[in-house]
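> what follows is a protein structure lacking sequence information:
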């Protein structure tokens, strides 16, 4: 049993779950739903994102695609940091609903930029 394909599929699945959770929480933020403050809603994203991060680290180790050695990996990490910052403004730190909505939309654009970076990476 090879670790790469299993880890890659786990990574992709949890990236999808992370996006789905973010979209749902963004909808709740926009609609003013109290669900956004439910305890499971505050805990589950951390679990999903931890599995996502662990699978990313395993993929880097297994493939040898290290940041700074491969430009697309470096770009993916920089976009990830931007996504996290924008996401925190969208769901927590934004002072007004307008700022939260703009940050939410920009976070989604950033997520799809990450996806585009991975889909168009050079093949070796």
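Arrived safely. The structure displayed is predicted, hence computed values, not measured ones.

> low-confidence stretches in the protein?
Within the chain, the ranges that satisfy pLDDT under 70 run 1, 123-124.

> again, only this time at 50
Within the chain, no stretch has pLDDT under 50.

> for it, what's the longest helix?
As assigned by DSSP state H, the longest helix anywhere in the chain is helix 3-31.

> buried residues, whichever helix or strand comes after it. List them.
Next along the chain after helix 3-31, taking DSSP states H and E as the criterion, comes helix 39-63. Neighbour-count burial for helix 39-63, counted by 16 or more other C-beta atoms under 10 Å, picks out 41, 45, 48, 49, 51, 52, 55, 56, 58, 59. No exception for glycine: its C-beta is placed from N, CA and C like everyone else's.

> ok, back up a step: tilt between the longest helix of the chain and helix 39-63?
150 degrees (axes from the mean of the first three to the mean of the last three C-alpha atoms, to 10 degrees).

> can you pull the buried residues of helix 3-31?
For helix 3-31, by 16+ other C-beta under 10 Å, it's 7, 10-11, 14-15, 17-19, 22, 25-26, 28-29.

> adding distance to residue 121, write the buried residues of helix 39-63 out as TSV.
Converted to TSV, these look like this (distance: C-beta to C-beta, whole Å):
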residue	distance to residue 121
41	33
45	26
48	24
49	22
51	22
52	18
55	17
56	14
58	18
59	12
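
> what is the burial count for residue 68?
8 (other C-beta atoms under 10 Å).

> picking that back up, with respect to residue 96, which of the buried residues of helix 39-63 is nearest?
residue 41 (21.7 Å; C-beta to C-beta).
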